[in-house]
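Undergrad: based on what follows, work out the 3D shape:
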Amino acid sequence: MTKTVIGLSVQCLRAFDRVLSKHSQSILTRRIIPEDAAIISPNQERPSCNFLGLQKSFSLWIDYAGALVGTYPLNTILKCSADISSIVIELLEIILQALGSIVHVPRDSSTLLRATSDSKYLQSFLENWDNASQDIDSALNELHFWAVMLRKVGTRRLDGITTSPAGEDIAFRKDAACLVHERFPAAHRELRQQLGDSIAVRRERLLKHWREAMEIHTTRWPALETCTKRHMTSTMQDESLEYPLVPTASEGETRVQCPFCYRPLERKASEEVTSNIWKRHIDEHIKPYTCLYPMCGEFFARRHQWKAHMENRHAKDWLRKVHTSVWYCDIEHESTKTFATESEWREHLEDLQNHPKQKVPLTEFQLDALSPQKRTCVFRGEFVCPLCEQTPKDIRHLAEKAGGDRTEAYNALVNHVADHLQSLALMAVPPPHNKYPTRNH
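TA: You can find the predicted model right below:
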């Protein structure tokens, strides 16, 4: 009989249930030390788990990988890749075999932990239990790794899909643009619009990933609440870098679940390390650092990637140049008129009332040819933020005391701009007070 991922996954689920029904709570909650605990650094140390945590971890893998949904890309990819398919099947067989080795109990397991410490039976049973649990834990780590790799294929495909925005999406886009204007009234108009659009795009992608995750889950979750303008307004008052709270996990569980994509995220013994893992994962969702050049607009999850892009793809002095273009008209005017955007300049030239001597309006072809000639750049000051359109006080002090080497001031300004972008991007995430759907709901 041909072994399949779906068939083996179902067998493992049933085997987990049989073990749960055979053993007492004292055995099921017995502390298990991860097999790799002795070879990893203290700050990357994984917390101890128990059998209940292993069962939860397997359930999270089922949901995230869509292992029980035959039409999901995981199963489609596995059909096309015999090598990956054999790896996943082998890992499921390891789990099934390990569960089979601990499901049978010759005597009442509730008496085991009350036995004397030198009992050979107790030592043999606990050694077998720990070894089987460690085998399950190791196999689960591999399964989660492959699930993430396979889901990335679908995520790239999903990010490339564009759909017509619904009414709620249009309203969110307008609210985002208005609130960016409130926070950065001095910024170039096109830059404000670009930043507002980038917030809306992030939210649309986040919801697409959530809907995709919903489609493959065996359990149905409550809908995500929308990010209201009231919450967004409160966020605008102080530039907050507050991330959503880390999802909670019970004692003995080795993973927490992202409420947006349902990806199981590994917990660490250190809460600080776990929090950093969570923030990096959210950054992968929203990619908070966006290129400020209007014809580019790439998104980046990591600050150093964004900085390298701005300097290498565009210019080392991009802070002075980005969004500084203006268009001017010096035809039939006593003084030259300037326009912040090309569209305003075009509207001006197309209106014959602005140029009485001109009998026929310029054609689109003529405007296209004239536009580069009537475009100029007014570079901002060396340490002026393109969003604030002023030099932050702390950076001014750095520049004044730096003398000839202004690298520290430049890097501080880059981080200043990056903080702006990060704060704006977090507006795309539903507010922290929402009840995110988790496996506990």
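Undergrad: select the longest strand from this protein.
TA: strand 325-329 (DSSP state E).
Undergrad: what does that one rub up against?
TA: Counting by Cβ atoms under 8 Å, 6 or more residues apart in numbering, the neighbours of strand 325-329 from elsewhere in the structure are 336-342, 344-345, 348-349, 354, 371, 374-378. Any C-beta I mention is one placed from the backbone N, CA and C, and that applies to glycine too.
Undergrad: how far is stretch 329-343 from where the chain is centred?
TA: Between the mean C-alpha point of stretch 329-343 and the mean C-alpha point of its chain there is a distance of 44 Å (Cα atoms, centre = their mean, to the nearest Å).
Undergrad: next secondary structure element downstream of the longest strand of the chain?
TA: Under the assignment DSSP states H and E, the closest C-terminal helix or strand after strand 325-329 is strand 337-339.
Undergrad: tell me the buried residues in the helix or strand following that following strand?
TA: For strand 337-339, the following helix or strand on the C-terminal side (DSSP H and E) is helix 342-350. Of all the residues in helix 342-350, those buried under the rule 16 or more other Cβ atoms under 10 Å are 342, 345-346, 348-349.
Undergrad: equivalent analysis for stretch 383-402, please.
TA: For stretch 383-402, the neighbour count (16+ other Cβ under 10 Å) marks 383-389, 391-392, 395, 398-399 as buried.
Undergrad: just the ones of the residues you listed in helices?
TA: Applying DSSP state H to the buried residues of stretch 383-402, the entries found in helices are 395, 398-399.
Undergrad: list only buried entries from the contacts of strand 325-329.
TA: Buried members of the contacts of strand 325-329, scored by 16+ other Cβ under 10 Å, are 339, 342, 345, 348-349, 374.
Undergrad: closest to residue 273 among those?
TA: Proximity of these to residue 273 (Cβ to Cβ) peaks at residue 342, which lies at 48.6 Å.
Undergrad: next up, the contacts around the residue nearest the centre of the chain.
TA: The centre of the chain sits closest to residue 285, judged by Cα atoms, centre = their mean, with a distance of 1.9 Å. Contact criterion Cβ under 8 Å, 6+ apart gives 202, 205-206, 209, 260-261, 429 as the residues in contact with residue 285.
Undergrad: quick one: which of those residues has the most company?
TA: Using other Cβ atoms under 10 Å as the neighbour test, the contacts of residue 285 are led by residue 202, with 23 neighbours.
Undergrad: host element of that one?
TA: When secondary structure is defined using DSSP H and E, the element that contains residue 202 is helix 189-216.
Undergrad: relative to helix 342-350, how tilted is that helix?
TA: Direction vectors for helix 189-216 and helix 342-350, defined by axes from the mean of the first three to the mean of the last three Cα atoms, to 10 degrees, enclose an angle of 130 degrees.
Undergrad: just want the angle from helix 189-216 to strand 325-329.
TA: Going by the same axes, to 10 degrees, helix 189-216 makes 130 degrees with strand 325-329.
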